[in-house]
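Asker: need coordinates for the following:
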Amino acid sequence: MFTKVDSYEIELSSDCNAACPLCTRTDLNMPLRGNDNITLDDFKNIFYDTDMIAGVEFLFSGVLGDPILNPDCYQICEFLTTNGGKVILNTNGGYGTVKFWTKMAGLKRMTVNFAVDGGPDTNHLYRKNVKWATLLRNMKAFSAADGSGSCVFIEFDHNYQDFEFVENLAKELDFTFRSRINRDKSWRADVP
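Answerer: Predicted coordinates for the structure are as follows:
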């Protein structure tokens, strides 16, 4: 007997704009672009009945790619939220335009978790290729359009001093602040 699923974790894209050192895609030497994306048509074929969407949470993670690099990202989020689904999107935030982020903020039942691993002088040390000015511009556009967001901080040896900076940035943007534990503790001399 089939029971309704209450949440899905989906990798929308295996394309990315960043080359984070601890990312599996970096370890596998995957190209940044030209990989696979789930299309809007794929979603409509899989979730063909709105009963399969209403009240369901869809987490678009960024394990091997960043969901916003999927050309259908906005349309997929719109399709799901319009049909009663909730979308949580994880991103490094370093891609897209002000127009894109303003439109994303207009979707109800949508939360965006921006990975912010430092300030202007340190974020790019882990989030390689992510330009601070672009990330900040995108977060500000999303916030200004009343988007529901959070800043998610991973502490490393090179950015621990930026914890409060990112926490205060989250408050300024009216986002929540969360910190994540770095599973690879080799960067810390005081952890065996």
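Asker: what number of residues lie near residue 152?
Answerer: When counting by other Cβ atoms under 10 Å, one arrives at 20 neighbours for residue 152. Using the backbone N, CA and C atoms, a C-beta is placed for each residue, glycine as well.
Asker: same check, this time on the one 5 residues further on
Answerer: Around residue 157 sit 14 other residues, with neighbours defined as other Cβ under 10 Å.
Asker: which helix is the longest one in the protein?
Answerer: Looking across the chain with DSSP state H, the single longest helix is helix 132-144.
Asker: next secondary structure after the lowest-mean-pLDDT helix or strand in the chain?
Answerer: Ranked by mean pLDDT, DSSP states H and E, the weakest helix or strand in the chain is helix 24-27, scoring a mean of 70. Sequence order places helix 40-46 as the next helix or strand after helix 24-27, per DSSP states H and E.
Asker: quick revisit: buried ones in the longest helix of the chain?
Answerer: Neighbour-count burial for helix 132-144, with 16 or more other Cβ atoms under 10 Å as criterion, is recorded at 132, 134, 135, 136, 137, 138, 139, 141, 142, 143.
Asker: so who does the first one touch?
Answerer: I take that to be residue 132. 119, 120, 123, 124 (Cβ atoms under 8 Å, 6 or more residues apart in numbering).
Asker: of those residues, which is the most crowded?
Answerer: Neighbour tally across the contacts of residue 132 (other Cβ under 10 Å): the maximum, 25 neighbours, falls on residue 123.
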